[in-house]
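Visitor: coordinates only, sequence not included:
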Ligand SMILES: [Zn+2]
């Protein structure tokens, strides 16, 4: 797959359109909200944490993260941004917390930390350790209280665009700061073309096909229809582009199950 770039003529048309919107701004509807940053699980690459949402939480859309013996474990920036609060509220509320400004009105909060590893004004990227899990403030045991906010209001949390579980407890595996967040594979069939589907299953519509030997970039993996293919029986499906999925049973990836560091769709 190749990224599609705007050609120069299209880019000029877009620029001209933007200018016209500016000039006649009072006559056109407000621009749509800017796209959200790609937030990732706020722990180092490959770690799995139990994340709980509950309607009685304050604020309601926050996630509390736990894992065994988590006190002192590193907490990392969920997306690139600028640290704009490093605050200790003592024995109340968030206790020690960090806030990161991601631009376009988006902030993330990391609360009940045992200590800080950043200061206000610092730029951070994926995987940057900002502090450590603790139980400061209004907390009855070590955990990370995590929020995403838009224009000050807490929003339902998404990781890599996927909505968190509301309401309940789910295991989230971090792809944050991994050296590579895509995998590569090679289609291997007995010779026939492999059907590309619009979703992770044989019931989804065919949207293309790939020849035996084709190289693919795998952006994320998920479970779908169980398929028996060249590499045995598997319910794993690989997303190889927008609305393009192939059965992992026909793809050589070097791994029997999910590929480490490649996110779940
Ligand atoms: Zn909480």
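Guide: Sure thing, it's come through. Only a predicted model underlies this, so the values are computations on that prediction, with no experimental measurement involved.
Visitor: and residue 244, how far from residue 217?
Guide: 11 Å (Cβ to Cβ, to the nearest Å). Glycine gets a C-beta too; all of them are placed from N, C-alpha and C.
Visitor: which of the two has more neighbours?
Guide: When neighbours are counted by other Cβ atoms under 10 Å, residue 244 comes out ahead of the other of residue 244 and residue 217, with 18 against 14.
Visitor: pLDDT score for the more buried one?
Guide: pLDDT, the model's per-residue confidence, is 96 for residue 244.
Visitor: so what's it bridging to?
Guide: Per DSSP bridges, residues listed as beta-bridge partners of residue 244: residue 241.
Visitor: gap between it and the ion?
Guide: Going from residue 244 to the ion by Cβ to the ion, to the nearest Å gives 38 Å.
Visitor: same question, residue 59
Guide: Residue 59 sits 9 Å away from the ion, going by Cβ to the ion.
Visitor: tell me the phi and psi of the residue nearest the centre of the chain?
Guide: For the chain, the residue nearest the mean C-alpha position is residue 160 (2.1 Å; Cα atoms, centre = their mean). Torsion angles at residue 160 (phi, psi; degrees, to the nearest 10) stand at phi 50, psi 40.
Visitor: also residue 249?
Guide: Dihedral angles (degrees, to the nearest 10) for residue 249: phi -60, psi -20.
Visitor: what's it in contact with, if anything?
Guide: Contact analysis of residue 249 by Cβ atoms under 8 Å, 6 or more residues apart in numbering lists 227, 228, 229, 230, 231, 232, 233, 234, 236.
Visitor: residues near the second one, how many?
Guide: Okay, so that is residue 228. For residue 228, the neighbour count with other Cβ under 10 Å is 11.
Visitor: just list whatever residues bridge to it.
Guide: residue 233.
Visitor: quick one: it from residue 247, how far?
Guide: Using Cβ to Cβ, residue 228 is found at 9 Å from residue 247.
Visitor: again, but for the first one
Guide: Counting by Cβ to Cβ, the gap from residue 227 to residue 247 is 4 Å.
Visitor: ok, these two, which is more surrounded?
Guide: Ranked by neighbour count (other Cβ under 10 Å), residue 227 and residue 247 place residue 247 first, with 26 against 19.
Visitor: show me the two of the contacts of residue 249 that sit farthest apart.
Guide: Of all pairs drawn from the contacts of residue 249, the one with the longest distance (Cβ to Cβ) is 230 and 236, at 13.5 Å.
Visitor: where does the chain dip in pLDDT?
Guide: 1-34, 180 (pLDDT under 70).
Visitor: all helices for it, in order.
Guide: Shown for the chain, the helices assigned by DSSP state H span residues 8-23.
Visitor: get me the contact residues on the stretch 101-250 of the chain for the ion.
Guide: For the stretch 101-250 of the chain, the contact set with the ion under Cβ under 5 Å from the ion comprises residue 145.
Visitor: circling back to that earlier point, buried ones only from the contacts of residue 249, please, as a ChimeraX command.
Guide: Burial among the contacts of residue 249 is assessed by 16 or more other Cβ atoms under 10 Å; the matching ChimeraX selection reads:
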select :227,229,231,234,236
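Visitor: which residues touch the residue nearest to residue 80 when sequence neighbours are not counted?
Guide: Of all residues not flanking residue 80 in the chain, residue 125 sits nearest, at 4.8 Å (Cβ to Cβ, 6 or more residues apart in numbering). By Cβ under 8 Å, 6+ apart, residue 125 lies in contact with 77, 80, 177.
Visitor: among the residues you listed, name the buried ones.
Guide: 77, 177.
Visitor: now the contacts of residue 125 as CSV including distance to residue 118?
Guide: Below are these laid out as CSV (distance: Cβ to Cβ, whole Å):
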residue, distance to residue 118
77, 8
80, 13
177, 15
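Visitor: name the nearest of the contacts of residue 125 relative to residue 149.
Guide: Nearest member of those to residue 149, counting by Cβ to Cβ, is residue 77, at 15.0 Å.
Visitor: and the residue of the stretch 101-250 of the chain found nearest the ion, how many neighbours?
Guide: Taking Cβ to the ion, the ion has its nearest neighbour within the stretch 101-250 of the chain at residue 145, 3.3 Å off. Neighbourhood size, residue 145 [other Cβ under 10 Å]: 23.
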